[in-house]
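K.L.:
sequence and predicted structure are below.
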Amino acid sequence: MFQKPNQRLVGQTAIVTGASSGIGKATAIALASEGASVVINYIGNPAGAEEAASLIQENGGQALLAQADVSKEDQVQRMFADAVDAFGTVDILVANAGLQKDAKFIDMTLKDWQFVLDVNLTGQFLCAREAAREFLRRGTRPDVSQSIGKIICMSSVHEIIPWAGHSNYAASKGGVMLLMKSIAQELGGYKIRVNSVAPGAIRTPINRGAWETPQALSSLMRLIPYKRIGETSDIGSTVAWLCSDEADYIHGHTLVVDGGMTLYPGFEDNG
């Protein structure tokens with residue numbers, strides 16, 4: 001759904017990776033509702049990307065489709081060049097693209113390990129590097145933002161919580177956490193803000209098995225003190241706010257959006 005706009009991002013351009021479904025799609029729509037022009041990155045779901053773009057355009061926004069594999073340096077660089085050609089510059093990166101390839105640790109192949117790390121971690125490195133380069137090339141734009149650019153890394157509660165059977169995914173998100181903090185430390189002096197958002201259990205296609213049946217949902221609720229599953233709009237609205245000047249003094253921080261999952265609810269009755 002297109003949210004009621006506050007117009008906090010008027011005049012800015014955002015690239016959202018993995019924006020053809022789930023959290024990425026909701027984030028692209030939320031940023032557009034705040035006035036940003038949005039580059040919708042996708043790799044294998046053009047219909048979902050086109051749907052997001054159509055919804056944005058029908059509500060008066062601007063959207064550009066950009067097919068690119070974020071784990072490939074040349075494709076990331078081309079995506080940023082196309083965004084600059086279309087909109088003049090880039091002000092916001094939401095490095096959201098991510099995937100799972102689950103297996104027991106002793107059965108996990110090197111190929112499956114590398115595939116997840118390439119997309120979830122290397123992809124964020126490549127996109128964040130290109131964003132920082134563009135911010136520094138273009139310089140300040142005080143008429144649109146107090147910072148010269150914003151980078152949002154999409155992490156997970158599994159940067160904190162270990163996850164048996166998903167060691168490649170958890171390792172990638174732990175890496176995202178320290179990648180974000182390291183580049184925040186390095187880039188803050190240039191007025192580039194860098195943060196992460198760490199979703200908990202969100203109703204997306206990637207984790208359909210965890211919420212699709214009443215039994216699965218009941219089991220999931222034992223892990224969430226707030227007793228509801230998150231919606232993609234919960235993350236989209238959080239990212240939109242974090243990109244705005246209302247959050248200008250938030251830097252190098254992971255904002256966990258999880259209904260309390262990281263409160264370790266197994267200990268609510270003394271363990």
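P.N.:
Cool, got the structure. If you're wondering where the values come from, they're calculated on a predicted model, not measured in any experiment.
K.L.:
tell me the SS of Glu246?
P.N.:
helix (DSSP: H, G, I helix; E, B strand; the rest coil).
K.L.:
I should have written Val256 there, sorry.
P.N.:
Of the three states, Val256 takes strand according to three-state DSSP.
K.L.:
what's around it, how many residues?
P.N.:
20 (other CB atoms under 10 Å). Placement of C-beta: from N, CA and C, glycine included.
K.L.:
hang on, it packs against Ile235?
P.N.:
No: Val256 lies out of contact with Ile235 (CB atoms under 8 Å); the separation is 11.1 Å.
K.L.:
next, the distance between the ends of stretch 180-197.
P.N.:
One end of stretch 180-197 sits 10 Å from the other (CA to CA, to the nearest Å).
K.L.:
quick one: contacts of it?
P.N.:
Applying CB atoms under 8 Å, 6 or more residues apart in numbering, the external contacts of stretch 180-197 come out as 128, 132, 135-136, 140, 146-155, 159, 176-177, 235, 238-239, 242, 247-248, 250-255, 257.
K.L.:
narrow these to those in helices?
P.N.:
Mapping the contacts of stretch 180-197 onto helices (DSSP state H) picks out Ala128, Ala132, Phe135, Leu136, Val176, Met177, Ile235, Thr238, Val239, Leu242.
K.L.:
excluding chain neighbours, what is closest to the third one?
P.N.:
Nearest-residue entry for Phe135: Gly149, 3.3 Å, with adjacent residues in sequence omitted and distances by CB to CB, 6 or more residues apart in numbering.
K.L.:
contacts only, for the one you found.
P.N.:
Contacts of Gly149 by CB under 8 Å, 6+ apart are Val90, Asp91, Ile92, Leu93, Ala131, Ala132, Glu134, Phe135, Ile192, Arg193.
K.L.:
look up how far Gly236 lies from it.
P.N.:
20 Å (CB to CB, to the nearest Å).
K.L.:
a strand runs through Val90, doesn't it?
P.N.:
No: if the criterion is three-state DSSP, then Val90 is coil and not within a strand.
K.L.:
so what's the residue count around it?
P.N.:
When neighbours are counted by other CB under 10 Å, Val90 comes out with 24.
K.L.:
buried ones in stretch 157-176?
P.N.:
Neighbour-count burial for stretch 157-176 flags 157-161, 163, 166-176 (criterion: 16 or more other CB atoms under 10 Å).
K.L.:
whoops, stretch 132-139 was the one
P.N.:
Buried-residue list, stretch 132-139, by 16+ other CB under 10 Å: Ala132, Glu134, Phe135.
K.L.:
turn those residues into CSV, columns for pLDDT and distance to Ala36.
P.N.:
Formatted as CSV, these follow (pLDDT from 0 to 100; distance: CB to CB, whole Å):
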residue, pLDDT, distance to Ala36
Ala132, 98, 18
Glu134, 98, 15
Phe135, 98, 15
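K.L.:
out of the ones in helices among the contacts of stretch 180-197, who's nearest Gln62?
P.N.:
Nearest to Gln62 among the ones in helices among the contacts of stretch 180-197 is Val239, at 18.1 Å by CB to CB.
K.L.:
quick one: the closest one from Phe105, how far?
P.N.:
On the measure of CB to CB, Val239 and Phe105 end up 32 Å apart.
K.L.:
ok, those two, which is more surrounded?
P.N.:
Of the pair Val239 and Phe105, Val239 is the one with more neighbours under other CB under 10 Å, namely 29 against 11.
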